[in-house]
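A.B. asks: next comes the sequence, and after it the predicted model I'd like to discuss.
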2 protein chains.
Amino acid sequence: MGATRRRIPPMDLVTPDELQRIHDASMDIIEEIGIDFRDETALQHWRAAGASVTGDRVRIDRELLMAMVAKAPAEFPVTGRGADTAFTMGGDWTVFCPIQGAAFVRDLEGVRRWSTAEDLDNLAKLTHTLGAYQLASGFPCEPMDVPVHHRHLNINYSHLLHTDLPHFGLTTSREKAEDSVQMARIVHGDEAMAAGAVVFGHCSGNSPLVWDQSMLEGLRAFAGAGQGVLLSPFVLGAANTPADVAATVAQLNAETLAAIAYAQVFHPGARTIYGQFTVAVSMRSGAPMAGTPEATLINALVGQLARKYQLPWRTTGAQASAKVFDAQSGYESATSMMGGITAGANLMLHTGGWDESGLTTCYGKFVVDAEQNKLISRYAEGVSFDRFDEALQAIRRVGPGGHYLGDPFTLEHFQDAFSMPELMDFTSYEQWAAAGRWDTARRSREKAKQLLKDYERPPMDEAVLAELDDFVARRRREIDGEVR
Amino acid sequence: MGATRRRIPPMDLVTPDELQRIHDASMDIIEEIGIDFRDETALQHWRAAGASVTGDRVRIDRELLMAMVAKAPAEFPVTGRGADTAFTMGGDWTVFCPIQGAAFVRDLEGVRRWSTAEDLDNLAKLTHTLGAYQLASGFPCEPMDVPVHHRHLNINYSHLLHTDLPHFGLTTSREKAEDSVQMARIVHGDEAMAAGAVVFGHCSGNSPLVWDQSMLEGLRAFAGAGQGVLLSPFVLGAANTPADVAATVAQLNAETLAAIAYAQVFHPGARTIYGQFTVAVSMRSGAPMAGTPEATLINALVGQLARKYQLPWRTTGAQASAKVFDAQSGYESATSMMGGITAGANLMLHTGGWDESGLTTCYGKFVVDAEQNKLISRYAEGVSFDRFDEALQAIRRVGPGGHYLGDPFTLEHFQDAFSMPELMDFTSYEQWAAAGRWDTARRSREKAKQLLKDYERPPMDEAVLAELDDFVARRRREIDGEVR
């Protein structure tokens, strides 16, 4: 499946006046309270750009800020190394990307355990083969059995090798970000990287109102190479934002715009994505909560703001908090998926495997979410009138009291007129019982096993692979030297 | 929870021109193909109104049809017998009603079995006590242990006794419909029934393009008494409609408008609801499929048409096909809930307990769906700016790098700023494991047991109850006499 061109209208949740109130509040925050950039290089850049810098605190005049934001492209080209892997980030396009950052997996037997390098490879393979993703996650799980200083090499290598999609590298230090960009360059080549983004950096903000050094170094590594940069405050509603939906958005909007503006100060035209990760925190337990109405509302507001600023933007879909792949997981996931697509998101991140508030990647959920992405994509494409007149003729042929099963129009179009998901079971209770009473968790694990069995690696030039291998081997040696 | 006043904008899926194409096609169907009214009384009414009648086939001039549809109220008052049970049907209001018509339950121990009179009572009690429903379903399950000719008496009695909400009576024959209205009259009184609807009839169309006698008799019994009438074609996409989304809507729109027009011919000002039940049929198995994108699109189109006609309209939410209360059930339910509320539905029917394509009412799902309804309601209410300025002050107090947990604004508002669902588990894996590793199905059954244990019947005047008992006893004797 390629990128989805949305035909359903995005939801404009609030009036233009209300949206302006949020925007103005964000401007006040940036001008008057300021944002901490905990990074000497960024502070120098801001001083040079004309912002007021005191300690780490940067206060930016709203005209300066918005002039920088205006340099960000409304859309930009992205491409993988495979056929039909190019797409546009932004506008009325939507792409899907699986979970990032889990430390655990719920594995092919349904057992929850630490994730490994083998899981990383498996999830990269599933990303490639499921046909539901346009952007690979890079780190669908942490390879916990690999020394921490080597992990970014495994992460990039696994995704460059096992999928032909563009992917996310690492941003957790300058070296890791630079290695990510360099590995992508070996595989994709300078020409592709000049023409569009082939690799992305995901930079998380430290709410409230802080951008840390490692993320800013990551930003510079990716933006400086003309690659994609996702700038996402990490919002735990009521813990690191006010206990109010609109004010939470005013704060996160200030955080994101400040980072986008910085990316444009550093590298005018930088390929930035307006991001945010939002969950509310349960005031009973302190735990993050997925699929709640306020998170959906915050998403819709962010979408409306991003359209106002003409920026590509990212939401989180298929987000769940469940400890098993059960009904809760389904409710939470579908709520966030529908909320995200209705809000008109360009990048639906974490839409594959996310459970237990992101701590765990569930193999079964990974394949179910992929199918859901295809269904959501179909929904987003809206209603076609291409066959309308022809279909109306069928109504005349069949008439009152008839049925359409044998009608020529049905026979010609039934296979694509209505979606037929495979992992949802529509058989009768008796058929289902006779087939072994498998629930969705079981069915989806079996599907994942089959997909991995049938997986075929996309072709890669032998010389390129050798260069990649050499790079990784050399960097491992260098890192071990540094670490020792 | 009272009715929800929606502040999120309803989705206008297609352009006004595209909507007009569907409308015009519906008019062509009604004028040229015609609708079968398999009922001599209705045919007489149509002849008298000026339609062309040949056999059962009624062809209605579009001016006549739309003049009748224009008599239908855009909104109408509804009330139960309890405090705060009154609401408006239509406009920007949304109400929730649980599942109707299941033959099985998945019971308090998770066992699937035929449903009984005790289940009927239990589900009426849960409807009352969950606080998520404004309209009671009447027949959340069939009491299969009650002789079929008596069932409608149990159904009405159980709901009149165990809830104080307005409810659905039966429409499956004239006598059952009249008994439903009469029993409601005993409890609610003439005055309440003149002021608004206290009881509803659900009349299903027989697609394509047929309305059967029993449903039309039901329509007359309810509409004639000034009560609510829901007119719902039963659409199995590609089986009894064309294999095309827009043409399916053109057909069901013709069916619904014809029935609404008939209700207005029979009883001008009749309190009608534009209905439809839509699933697609799997062309692999012939089974109905819930939660598919085409069903969501059809809903959105129907909503847009209903707004064009200024008619209250109904969708189906929390619709699932799963054989157990598992992830599939959650995905399907949430997708249809989000689709329905985004489409701007006034009546969210089946939003409690529906599983296995409506064959089974799941006790656990009944209580989870109720909580989801509350979350959806919160979402639909949109974003408030009442505390916005005050919340912005908290951002100034906390500043970059701080946290909000101890801030006075958080302490004052955390309990209602972000929803905290109870049946979704947000604890850590370790806490969850220590508490017994309950999945959602298990947690929700335990909650249902507790709610039934704590249930208190709403008060009813002793004389009224005696009259109701007498009525039921007399009708049982009469029916037994008739049946023998």
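C.D. replies: That came through fine. Residues are numbered from 1 along each chain as shown, chains lettered A, B, ... in the order given.
A.B. asks: how about the helices in the stretch 351-484 of chain A?
C.D. replies: A:363-380, A:388-398, A:408-417, A:429-434, A:440-454, A:462-483 (DSSP state H, counting those that start in this stretch).
A.B. asks: so what does the third one touch, helix or strand wise?
C.D. replies: In this case it means helix A:408-417. Applying 3 or more CB pairs under 8 Å, 6 or more residues apart in numbering or on different chains; DSSP states H and E, one finds that helix A:408-417 contacts helix A:388-398. C-beta: built from backbone N, CA, C; applies to glycine.
A.B. asks: angle of the helix it packs on against helix A:408-417?
C.D. replies: 130 degrees (axes from the mean of the first three to the mean of the last three CA atoms, to 10 degrees).
A.B. asks: let's see helix A:388-398 as CSV, backbone CA atoms only.
C.D. replies: Only the C-alpha atoms of helix A:388-398 are listed here, as CSV (Å, rounded to 0.1, in the frame of the first residue of the first chain):
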residue,chain,number,x,y,z
PHE,A,388,-22.3,5.2,-9.1
ASP,A,389,-24.4,5.4,-12.3
GLU,A,390,-23.5,1.9,-13.2
ALA,A,391,-24.5,0.7,-9.7
LEU,A,392,-27.8,2.5,-9.8
GLN,A,393,-28.6,0.4,-12.9
ALA,A,394,-28.3,-2.7,-10.6
ILE,A,395,-31.0,-1.3,-8.4
ARG,A,396,-33.3,-1.1,-11.4
ARG,A,397,-32.4,-4.7,-12.5
VAL,A,398,-32.9,-6.2,-9.0
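A.B. asks: for A:G205, give the beta-bridge partners.
C.D. replies: A:P233 (DSSP bridges).
A.B. asks: who's in contact with it?
C.D. replies: Contact analysis of A:G205 by CB atoms under 8 Å, 6 or more residues apart in numbering or on different chains lists A:W211, A:M215, A:L231, A:S232, A:P233, A:F234, A:L252, A:E255, A:T256, A:A259.
A.B. asks: name the SS class of the residue of chain A found nearest chain B, please.
C.D. replies: Nearest residue of chain A to chain B, counting by CB to the nearest CB: A:G330, 2.3 Å away. Classification of A:G330 using DSSP: H, G, I helix; E, B strand; the rest coil returns helix.
A.B. asks: the closest residue to it other than its chain neighbours: neighbour count?
C.D. replies: Excluding the flanking residues, the one nearest A:G330 by CB to CB, 6 or more residues apart in numbering or on different chains is B:G330, at 2.3 Å. Number of residues near B:G330 (other CB atoms under 10 Å in any protein chain shown) recorded here: 33.
A.B. asks: what sits against B:G330?
C.D. replies: So B:G330 contacts A:D326, A:A327, A:Q328, A:S329, A:G330, A:Y331, A:E332, A:S333, A:A334, B:A320, B:T440 (CB under 8 Å, 6+ apart).
A.B. asks: identify the farthest-apart pair in these.
C.D. replies: A:E332 and B:A320 (15.0 Å; CB to CB).
A.B. asks: dump the contacts of B:G330 to CSV, plus pLDDT and distance to B:P458.
C.D. replies: CSV is the format used below for the contacts of B:G330 (pLDDT from 0 to 100; distance: CB to CB, whole Å):
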residue, pLDDT, distance to B:P458
A:D326, 97, 34
A:A327, 98, 30
A:Q328, 97, 31
A:S329, 97, 36
A:G330, 97, 34
A:Y331, 97, 30
A:E332, 96, 33
A:S333, 97, 37
A:A334, 97, 34
B:A320, 93, 30
B:T440, 97, 29
